[in-house]
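Engineer: quick one, what's the 3D model for this:
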Amino acid sequence: MQIKKGLKKIYVTEDFLKEVLAKRKALQEKLEEERKKGKIVFLKYDKLIAKKNESTKKRKKRETSSLPHSSDLQLKNQQTVMPFKVNRTNAFDLMRNRSNSLPKISSNKQQ
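Structural biologist: Numbers count the residues shown, from 1 in each chain. A predicted model of the protein is given here:
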């Protein structure tokens, strides 16, 4: 039942005992009231569980920091630029040249 939310176009229900279903039905009204108040509430088996309502703005908001000095920015920019590698060898220099051992065809035979 953990992947219930991930299943699309499939209807899944959970089987509970009759006593639990009756208790859940009674708690459903209280659940709606608590949600209208702005609390995060959900049913788990036969219990009503309320999460502490932490403001999401406080968690997501970045702390303001002072701007770094311009000299620090210049140093960082210089460090991030990678120099061109000079010691890299050319692959064509390592390959052997074509051998000229093939016989040359004279122009008389082609005509």
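Engineer: give me the three-state assignment for Leu48.
Structural biologist: Three-state assignment for Leu48 (DSSP: H, G, I helix; E, B strand; the rest coil): strand.
Engineer: how near is Ala26 to Lys47?
Structural biologist: Using Cβ to Cβ, to the nearest Å, one gets 12 Å for the distance from Ala26 to Lys47. Where C-beta positions appear, they are placed from N, C-alpha and C, glycine not excepted.
Engineer: once you drop chain neighbours, what's closest to Glu19?
Structural biologist: Distances taken as Cβ to Cβ, 6 or more residues apart in numbering put Asp46 closest to Glu19, at 7.9 Å, once the chain neighbours are dropped.
Engineer: ok, the one you found - contacts?
Structural biologist: Phe16, Glu19, Val20, Lys23, Arg24, Leu27 (Cβ atoms under 8 Å, 6 or more residues apart in numbering).
Engineer: which of those residues fall in strands?
Structural biologist: Residues of the contacts of Asp46 located in strands (DSSP state E): none.
Engineer: apply the buried test to those and list what passes.
Structural biologist: Lys23, Arg24, Leu27 (16 or more other Cβ atoms under 10 Å).
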